[in-house]
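Peer 1: Curious how this folds, go ahead:
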Amino acid sequence: MNSTQPWDVRHIYTTADPRYNNRTSHQYLDKMKRMLQDRKDEGRIRAWEDCGVGAGTDIVPALRKSKPGELVIIDLHGSKYEAWLGVTPEDGVRLHDALPVKSWDASVIFLTGCWGSTDQFGEALNEFLAHQTTVISHSTESEWLDHTPIDLISTVLEHAPGADASGAYVAVDVYLRSHWGVYSRG
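Peer 2: Numbers count the residues shown, from 1 in each chain. As a prediction, the model looks like this:
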């Protein structure tokens, strides 16, 4: 089943981490941008906001510009110990300092950096999300070596109608079951 209703996409990524500027991670960013451009060319993306952030202070405005129904990709550092996003492992912001309660209207959020599925992130997201949202995230360190998020995002763009959190969840679940025999939890 393919979707014809396009998505609005916001891609927030670091431009500050020197480790991000190496062959492996650059391949990740290049591959992500090529995939997004391909989906836009196919009509699956209506609007694409490319948000490179170079300092921790740039993260808050990028998050707050999120619009209702968007698919938000967050390619930033995370923390194992708190709900934190950074442009480098040292320069970032706690989600509690970034967003007002029940203010985030995204339909789908991909936290592609490290530790996005910790209890701390889950609790913070429950506090900030304004409505039902599908969140896909890493449970360990990712180092931008894992390109699975690119495939998952492409799957959502191809198979779920724009702004449909439930459809995105189903698309991710089907992808995981068909590729790895993994079942997502709802």
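
Peer 1: which SSE is the closest residue to A160 other than its chain neighbours in?
Peer 2: Distance criterion CB to CB, 6 or more residues apart in numbering; nearest residue to A160, sequence neighbours excluded, is G167 at 3.4 Å. C-beta: built from backbone N, CA, C; applies to glycine. Element membership for G167, per DSSP states H and E: helix 165-180.

Peer 1: Quick one: distance of that helix to the chain centre.
Peer 2: 15 Å (CA atoms, centre = their mean, to the nearest Å).

Peer 1: Just the buried residues of the longest helix belonging to the chain, please?
Peer 2: For the chain, the helix reaching the highest residue count under DSSP state H is reported as helix 23-41. Judged by neighbour count using 16 or more other CB atoms under 10 Å, the buried positions of helix 23-41 are S25, Y28, L29, M32, M35, L36, R39, K40.

Peer 1: Wait, the third one touches D75, no?
Peer 2: Right, L29. Yes - L29 lies in contact with D75 (CB atoms under 8 Å); the separation is 7.3 Å.

Peer 1: for this protein, what spans make up the strands?
Peer 2: Using DSSP state E, the strands found in the chain span residues 7-14, 45-53, 71-75, 84-86, 92-94, 108-111, 134-137.

Peer 1: Could you check how many residues crowd around the nearest residue to H159 once chain neighbours are set aside?
Peer 2: Closest residue to H159 apart from its sequence neighbours, by CB to CB, 6+ apart: A171 at 4.1 Å. Residues lying near A171 (other CB atoms under 10 Å) number 24.

Peer 1: just to revisit the earlier point, using CSV, write out every CA atom in the longest helix of the chain.
Peer 2: Provided in CSV are the C-alpha atoms of helix 23-41 (Å, rounded to 0.1, in the frame of the first residue of the first chain):
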residue,chain,number,x,y,z
ARG,A,23,33.7,9.5,5.7
THR,A,24,31.2,7.2,7.4
SER,A,25,29.0,9.9,9.0
HIS,A,26,29.1,12.0,5.9
GLN,A,27,27.8,9.1,3.9
TYR,A,28,24.9,8.9,6.4
LEU,A,29,24.0,12.6,5.9
ASP,A,30,24.5,12.4,2.2
LYS,A,31,22.3,9.3,2.0
MET,A,32,19.6,10.8,4.2
LYS,A,33,19.5,14.0,2.0
ARG,A,34,19.4,12.0,-1.2
MET,A,35,16.6,9.8,0.1
LEU,A,36,14.6,12.9,1.2
GLN,A,37,15.2,14.6,-2.2
ASP,A,38,14.1,11.4,-4.0
ARG,A,39,10.9,11.2,-2.0
LYS,A,40,10.3,15.0,-2.6
ASP,A,41,10.8,14.4,-6.4
